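Enquirer: I'd like to go over a predicted model; first the sequence, then the structure.
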Amino acid sequence: MKAGEITGKILVIFDIDDTLVHTQTEVHVVKDGITVRSLNSHEFTHYKLQPGESFDFENFKNAREFFDKHKPIIPMMDQLKRDIARGNKVVMVTAREDFDDKELFLDTFRKYNVDIDKVHVYRAGNLKGGSTEERKKKIIKMLLDKEPYSKAIMYDDAKPNLDLFVSLKRDHPDTMFYAWHVSPEGQASEYMREGLEESLGQKLIIGFATVGGLLLGGWIGTEDNRLAKEWLKTYNALKEKDPTKAEELKQLVNQYKHTNWKQSMIRNMTKHKIERIINDFKNQELNENFADGKVKGKSRPGRVKKSGASCKGSVTSLRKKAKKYSGEKGKMYHWCANMKGGKK
């Protein structure tokens, strides 16, 4: 396969504990041969060993306990079955080591009509060294290095695992990354898309943190990243000129960010409202510049040519092109339309 060529295959990764099932199994924290603390699977994910402590995973190998004491998380079990039925490459990546009875462990999923024979289970607990999230990342990296995928999707209840998963974007730029955080109730919410360069990601996160405590969170993608940057710029400008409109924009962004992707109609309508405010602000800004003759930077004709835009055509056609293109090219089409409209 040539460099940069990508297949249409999709890799879907599921965590097990507190993502597909709830169990009562505990990991013991041992110090000087004595158990000093017992952790459920969620607590274990976030626990940092203190000096002299180690983990005892003996209970986590017990397939009978897993089979008897698990509680299925139905929404995620259904998602698992859907991905298998779609023919996606579906794997489970768990923090556990090998079970003492492989078939009994697999029977736990067969009880719920999961075609588990089409799913490979990778056990990060078998790897040595590093944190749980680092070991999981190593397994997923191995899968992505072995075969190219157009999309990689991960469901996990632990955000550190999702963070390191998305960081693999740097090594696999042709793969789209989607990280889904699973709540204790089994509801999956989009945690992050893609993997941005650290500098850009930090700038945007800082920017969002300074405007009402919003986080970039679950809407980073090629298109959403563009929208985020434009929203931030427009919001900061509107705060001075039109605080009411700035607040409206912030509320729409909040709504967009927290609308599940399955509610596509609502999500698209909200996005159009956001873009309309951004475009209206751009038009107002360009009209003011045209009216008072103030032009920042290079002359407009030079910037039009450099951006790849052109002032040829009717005002209507230029407006359409302005909406079609973003960045400098879109701005220049807006300017050309305003210039022609002004002359008339």
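Expert: Yep, that arrived.

Enquirer: could you pull out the helices for the stretch 51-200 of the chain?
Expert: Residue ranges of the helices in the stretch 51-200 of the chain, as given by DSSP state H, counting those that start in this stretch, are 63-69, 74-85, 102-110, 132-146, 159-167, 198-209.

Enquirer: what's the angle between the fifth one and helix 132-146?
Expert: Meaning helix 159-167. For helix 159-167 against helix 132-146, the angle by axes from the mean of the first three to the mean of the last three CA atoms, to 10 degrees is 30 degrees.

Enquirer: which helices and strands sit right next to helix 159-167?
Expert: helix 41-46, helix 132-146, strand 151-156, strand 176-182, strand 188-193 (3 or more CB pairs under 8 Å, 6 or more residues apart in numbering; DSSP states H and E). Where you see a C-beta, it was placed from the backbone N, CA and C, and this is true even at glycine.

Enquirer: ok, of the ones you listed, where does mean pLDDT dip lowest?
Expert: If you rank the helices and strands packed on helix 159-167 by mean pLDDT, helix 41-46 sits at the bottom with a mean of 69.

Enquirer: mean neighbour count and distance to Ser317 for the helices and strands packed on helix 159-167 - can I get that in JSON lines?
Expert: Formatted as JSON lines, the helices and strands packed on helix 159-167 follow (neighbours: other CB atoms under 10 Å; distance: least, CB to CB, whole Å):
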{"stretch": "helix 41-46", "mean neighbour count": "18", "distance to Ser317": "56"}
{"stretch": "helix 132-146", "mean neighbour count": "17", "distance to Ser317": "44"}
{"stretch": "strand 151-156", "mean neighbour count": "23", "distance to Ser317": "36"}
{"stretch": "strand 176-182", "mean neighbour count": "22", "distance to Ser317": "33"}
{"stretch": "strand 188-193", "mean neighbour count": "20", "distance to Ser317": "33"}
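
Enquirer: pretty sure Ser271 contacts Tyr256?
Expert: One thing to correct before we go on: residue 271 is Lys, not Ser. Yes: contact status for Lys271 versus Tyr256: in contact at 5.9 Å, counting by CB atoms under 8 Å.

Enquirer: closest one to Ala237 among the helices of the stretch 51-200 of the chain?
Expert: Within the helices of the stretch 51-200 of the chain, the stretch nearest Ala237 is helix 198-209; the backing value is 13.0 Å (CB to CB).

Enquirer: do a quick rundown of the helices in the stretch 201-344 of the chain.
Expert: 222-241, 243-258, 264-292, 300-307, 315-324, 327-343.

Enquirer: tell me which of the ones you listed sits most buried.
Expert: helix 327-343 (a mean of 19; mean count of other CB atoms under 10 Å).

Enquirer: packing partners for it?
Expert: When contacts are defined as 3+ CB pairs under 8 Å, 6+ apart, helix 327-343 packs onto helix 264-292, helix 300-307, helix 315-324.

Enquirer: possible to save these as a markdown table with distance to Val121 and mean pLDDT?
Expert: Below are those laid out as a markdown table (distance: least, CB to CB, whole Å; pLDDT from 0 to 100):
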| stretch | distance to Val121 | mean pLDDT |
| --- | --- | --- |
| helix 264-292 | 33 | 75 |
| helix 300-307 | 52 | 72 |
| helix 315-324 | 47 | 84 |
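
Enquirer: give me the below-cutoff pLDDT ranges for the stretch 1-150 of the chain.
Expert: Applying pLDDT under 70 to the stretch 1-150 of the chain flags residues 1-7, 41-42, 45-46, 57.

Enquirer: for the spatially closest residue to Leu20 that is not a sequence neighbour, what are its contacts?
Expert: The shortest distance from Leu20 to any non-neighbouring residue, by CB to CB, 6 or more residues apart in numbering, is to Met76 (5.2 Å). Neighbouring residues of Met76 by CB atoms under 8 Å, 6 or more residues apart in numbering: Phe14, Thr19, Leu20, Tyr155, Val182, Gly186, Ala188.

Enquirer: ok, back up a step: please convert the helices and strands packed on helix 327-343 to TSV, extending it with distance to Ala237.
Expert: Shown next, in TSV, are those (distance: least, CB to CB, whole Å):
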stretch	distance to Ala237
helix 264-292	7
helix 300-307	20
helix 315-324	18
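
Enquirer: wait, which of those is closest to Leu249?
Expert: For those, the distance to Leu249 is smallest for helix 264-292, at 5.1 Å, taking CB to CB.

Enquirer: now do that closest one against helix 315-324, angle only.
Expert: Helix 264-292 and helix 315-324 are oriented at 120 degrees to each other (the same axes, to 10 degrees).

Enquirer: fine, thanks again, bye for now.
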